[in-house]
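A.B. asks: next one to model:
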Amino acid sequence: MTTDNPGVEDLLQQHKTALTEYRRWDEIVKQLLKGRRVKDLNQEDMEAYKIAAEKRDLAYDQMRHLERELLDDIPGASTEGYTPYKPGS
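C.D. replies: Numbers count the residues shown, from 1 in each chain. As a prediction, this is how the structure comes out:
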């Protein structure tokens, strides 16, 4: 997909990176839970689960914010009412 707007290309690349991170952390969460419930995890696995789940959720949140920014360029799909995403916020 190519566009005339370099800002859109940058947003698409950031979204792709966030999606890759989300998938990576989601896979780690799935492996930690494989065949178990959260309450069945030992202390070490629970700590790893908490970290992986938090990083997965942050990547998901970043993806959604970037999607909103991308939609702002499409007439009728504006997300003006939402706070713009600022990395690190």
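A.B. asks: show me which positions of stretch 11-30 end up buried.
C.D. replies: By neighbour count, and taking 16 or more other C-beta atoms under 10 Å as the criterion, the buried residues in stretch 11-30 are Leu11, Gln14, His15, Ala18, Glu21, Tyr22, Trp25, Asp26, Ile28, Val29. In short, each C-beta sits where N, CA and C put it, glycine included.
A.B. asks: out of these, who's nearest Ala48?
C.D. replies: Using C-beta to C-beta, Ile28 is the member of these that sits closest to Ala48, with 7.7 Å.
A.B. asks: tell me where this structure has helices.
C.D. replies: 6-33, 43-71 (DSSP state H).
A.B. asks: turn those into a markdown table, columns for mean pLDDT.
C.D. replies: Shown next, in a markdown table, are these (pLDDT from 0 to 100):
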| stretch | mean pLDDT |
| --- | --- |
| helix 6-33 | 94 |
| helix 43-71 | 94 |
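A.B. asks: of the buried residues of stretch 11-30, which is the nearest to Lys55?
C.D. replies: If you rank those by distance to Lys55 using C-beta to C-beta, Trp25 comes first, at 4.6 Å.
A.B. asks: need the contact list for that closest one.
C.D. replies: Taking C-beta atoms under 8 Å, 6 or more residues apart in numbering, we find Trp25 in contact with Ala52, Ala53, Lys55, Arg56, Ala59.
A.B. asks: and for the second one, the neighbour number?
C.D. replies: Neighbours of Ala53 under the rule other C-beta atoms under 10 Å: 17.
A.B. asks: would you confirm that Ala52 contacts Glu27?
C.D. replies: No. Taking contacts as C-beta atoms under 8 Å, Ala52 lies outside contact range of Glu27: 9.1 Å.
A.B. asks: angles on the backbone of Lys34, please.
C.D. replies: With angles defined as degrees, to the nearest 10, Lys34 sits at phi -40, psi 110.
A.B. asks: that one - how many residues pack around it?
C.D. replies: Lys34 is surrounded by 7 other residues when neighbours are defined as other C-beta under 10 Å.
A.B. asks: so what's the nearest residue to Leu33 once chain neighbours are set aside up against?
C.D. replies: Taking C-beta to C-beta, 6 or more residues apart in numbering as the measure, Leu33 lies nearest to Tyr49, with 7.2 Å between them; neighbours along the chain are not counted. Counting by C-beta under 8 Å, 6+ apart, Tyr49 touches Val29, Leu32, Leu33, Val38, Leu41.
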